[in-house]
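# need a structure here:
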Amino acid sequence: MGQNADDVTGSCIYITFNGKKILLECGLFQNNNYLDSYNINSEKFSFKPSEIDYVFICHTHVDHIGLLPRLVREGFTGKIIASHATAQLMKPLLYNCVFILESETNVLSYKYKRDYSPIYTEEDVRNTLNLIYEYDETHKIYDLDDVVSFQWYENSHCIGSRQLQIVLKDKNGVRQSILYTSDIGSLNTKNYYLKNTEIPTGFNRIAIMESTYGEPGRTNKKTRKFDLEKLKTAVETVVERGGSVIMPAFSFSRTQELLTNLYQIFYNTDFKYNIIVDSMLTCDICDLYTTILKDNDLELWNRVCNWENVKFVKEKEESIFYVKDHTPKIVLSSSGFCTNGRILSYLHEYLQDENSMVIFSGYTGADNSYLSYRIKNFKANKVIKISGDPVENKADCISLGTFSSHANRNELIEYGSKINTEKLVLVHGSQTAKNSLKDDLKTAISKQDKSHKVIVSSKDMVINL
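Residues are numbered from 1 along each chain as shown. You can find the predicted model right below:
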């Protein structure tokens, strides 16, 4: 297993069976320490990339796809298998990875006075994109060869996301199946453009389930209706007093969800303020939504994009204009953790404005190493350094807790207790989250009159079929 055996990032699981070698995803390890991340992402693979037959990609977040170009660079020439939407979205996200990784290595080279080379280049991304094969339908059995078959299940984590059932046939023709959730969204999602995560009913010898929100207390008691009312009141209050609303948001999925909710709240009112979507990557992904979505979803998204209040900003000069223009407005800009991107310019300008407000819509980090965490915990961080400059942390700050793309703790317990399997392996979570979840899962499994074993993953763990 990859880093997701012990953490919530760097997803990669290696399967070898009857001569076939398979990866379930191949993601970047991401944290706030550039050197730590660089060293981990540069580690020698525990397998030969040239021997891998297939890589299954269940969704397009970078911690699930971001090491693919390095895999290709080191010899992989097999098939990368993904849904249509995931395949289309991988292009801008992987090219953006090149830019970010190059920037981080430049920082490391300057800081440590030695040459750090990016772990892959644009050419590696181009070669990676040529190996992607689209398989889009859910509940359809796809036969890849005499040994490997698979099918997708619905997953509300993000556009294009899937759960995977992989079926492997041994030399005697006996089939064994593995269920892999990847990151799963809510069983009853409130997010637009998605279908609810389903709980597969068939039997799988092994089930591998994420546990990101497995820690006690990770069940949000607020409702989406509560958050939307909170958002509406906050926006109206801020613009009325002449301030701006700054919303750090991930380029993929979160920005589009927030933008759609702002449209639903304000489009048929007398709301006259600009909503600035400022990020080249975000704008590219918004454009892709118009080619990926269908039917009612596409109709809604087109209405959102054509709303006269929305301004999509790609060019740097236009971005600088909106940063300096203190006309009341809403700004959606990446990144969600405020680690890089144009959001830093807006925070530098507006964090010191007590009439403005920063609104977070997801996880903000666990300690002061995250700028987002320092902004949110303003009482202990009166002055914050942004791009090397001290900035007074005077703007209001609130958080919306219901926009997460992950299933909450209760949903993980419901999912894990209802599936049919022999072994349920918990990955993609802290040790605290996995151990706590394991205890409550055992109780819930018993109540369902089931008896499958719950296993907490660890680095380099081997599980036999």
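# Give the full set of residues in contact with E240.
Listed by C-beta atoms under 8 Å, 6 or more residues apart in numbering, E240 has no contact partners. The way it works is simple: take the backbone N, C-alpha and C, and place the C-beta from them, glycine included.
# Now do it, the pLDDT please.
On pLDDT, E240 comes in at 96.
# Helix or strand for K272, just tell me which one.
For K272, there is no enclosing helix or strand under DSSP states H and E.
# Quick one: neighbours of it, just the number.
10 (other C-beta atoms under 10 Å).
# Find the nearest non-adjacent residue to it, please.
Nearest residue to K272, sequence neighbours excluded (C-beta to C-beta, 6 or more residues apart in numbering): N309, at 7.6 Å.
# Hmm, that neighbour is touching N274, no?
Yes - assessed by C-beta atoms under 8 Å, N309 is found in contact with N274 at 6.0 Å.
# quick check, distance from the longest helix along the chain to the centre of its chain.
Ranked by residue count under DSSP state H, the longest helix found in the chain is helix 84-112. Between the mean C-alpha location of helix 84-112 and the chain-wide mean there is a distance of 15 Å, by C-alpha atoms, centre = their mean, to the nearest Å.
# That one: which residues count as buried?
Buried residues in helix 84-112, counting neighbours by 16 or more other C-beta atoms under 10 Å, are found at 85-98, 100-102, 104-105, 108.
# what do you get for stretch 434-448?
Quick answer for stretch 434-448 (16+ other C-beta under 10 Å): 434, 436-438, 440-442, 444-445.
# okay, these in a markdown table with pLDDT next?
Listed next are those as a markdown table, based on pLDDT from 0 to 100:
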| residue | pLDDT |
| --- | --- |
| K434 | 92 |
| S436 | 90 |
| L437 | 94 |
| K438 | 95 |
| D440 | 94 |
| L441 | 97 |
| K442 | 95 |
| A444 | 97 |
| I445 | 97 |
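# can you give me the helices for this structure?
Going by DSSP H, the chain shows helices at 34-41, 62-65, 68-73, 84-112, 122-129, 224-240, 254-266, 280-292, 295-306, 316-324, 343-350, 371-376, 409-418, 431-447.
# can you list those helices in CSV and add distance to L164?
Shown next, in CSV, are those (distance: least, C-beta to C-beta, whole Å):
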stretch, distance to L164
helix 34-41, 24
helix 62-65, 12
helix 68-73, 16
helix 84-112, 12
helix 122-129, 20
helix 224-240, 28
helix 254-266, 23
helix 280-292, 20
helix 295-306, 23
helix 316-324, 39
helix 343-350, 33
helix 371-376, 32
helix 409-418, 15
helix 431-447, 20
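# Does S451 touch I445 like I think?
Yes - using C-beta under 8 Å, S451 is in contact with I445, at 7.0 Å.
# from the chain's centre, how far out does stretch 426-445 sit?
Worked out by C-alpha atoms, centre = their mean, stretch 426-445 lies 21 Å from the chain centre.
# Show me what that stretch is in contact with.
With C-beta under 8 Å, 6+ apart, stretch 426-445 has contacts from 1, 4-8, 11, 13, 183, 208-216, 218, 409, 412-414, 416-417, 424, 451-452, 454-457.
# rerun at 6 Å
Counting contacts by C-beta atoms under 6 Å, 6 or more residues apart in numbering, the residues outside stretch 426-445 that touch it are 4, 8, 208, 210-212, 214-216, 413, 416-417, 454, 456-457.
# per-residue confidence for T219?
62.
# so where's this protein uncertain?
The chain contains residues with pLDDT under 70 at 1, 218-221, 336.
# So the spatially most central residue of it versus R175, what's the distance?
The centre of the chain sits closest to H61, judged by C-alpha atoms, centre = their mean, with a distance of 4.3 Å. Look at H61 and R175: by C-beta to C-beta, to the nearest Å, they are 30 Å apart.
# pretty sure C97 contacts G66?
Yes - in terms of C-beta atoms under 6 Å, C97 counts as a neighbour of G66; the distance is 5.3 Å.
# What's the local residue count around K418?
So K418, with other C-beta under 10 Å, has 15 neighbours.
# Distance of the nearest residue to it once chain neighbours are set aside relative to E317?
Using C-beta to C-beta, 6+ apart and skipping residues adjacent in sequence, the residue nearest K418 is I199, 5.1 Å away. To E317, I199 is 50 Å away according to C-beta to C-beta.
# Who has more neighbours out of those two?
More crowded of I199 and E317, by other C-beta under 10 Å: I199, with 19 against 7.
# Tabulate the CA atom coordinates of stretch 236-244 in PDB.
Listed next in PDB are the C-alpha coordinates belonging to stretch 236-244 (Å, rounded to 0.1, in the frame of the first residue of the first chain):
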ATOM      1  CA  GLU A 236     -25.600  40.300   2.600                       C
ATOM      2  CA  THR A 237     -24.100  41.700   5.800                       C
ATOM      3  CA  VAL A 238     -20.600  42.100   4.300                       C
ATOM      4  CA  VAL A 239     -21.600  43.800   1.000                       C
ATOM      5  CA  GLU A 240     -24.000  46.100   2.800                       C
ATOM      6  CA  ARG A 241     -21.100  47.400   5.000                       C
ATOM      7  CA  GLY A 242     -18.900  47.900   1.900                       C
ATOM      8  CA  GLY A 243     -16.600  44.800   2.300                       C
ATOM      9  CA  SER A 244     -15.800  41.800   0.200                       C
END
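# buried residues in it?
Buried residues in stretch 236-244, counted by 16+ other C-beta under 10 Å: 236, 238-239, 243-244.
# Could you pull up the residues touching the residue lying closest to K195 once chain neighbours are set aside?
Spatially, and ignoring its direct neighbours in sequence, K195 is nearest to E154 (4.8 Å; C-beta to C-beta, 6+ apart). Counting by C-beta under 6 Å, 6+ apart, E154 makes contact with 138, 195, 198.
# for those residues, which one is nearest K230?
K195 (26.5 Å; C-beta to C-beta).
# And for that closest one, the neighbour number?
There are 12 residues near K195, going by other C-beta under 10 Å.
# I'd like the distance between it and K423.
For K195 relative to K423 (C-beta to C-beta), the value is 28 Å.
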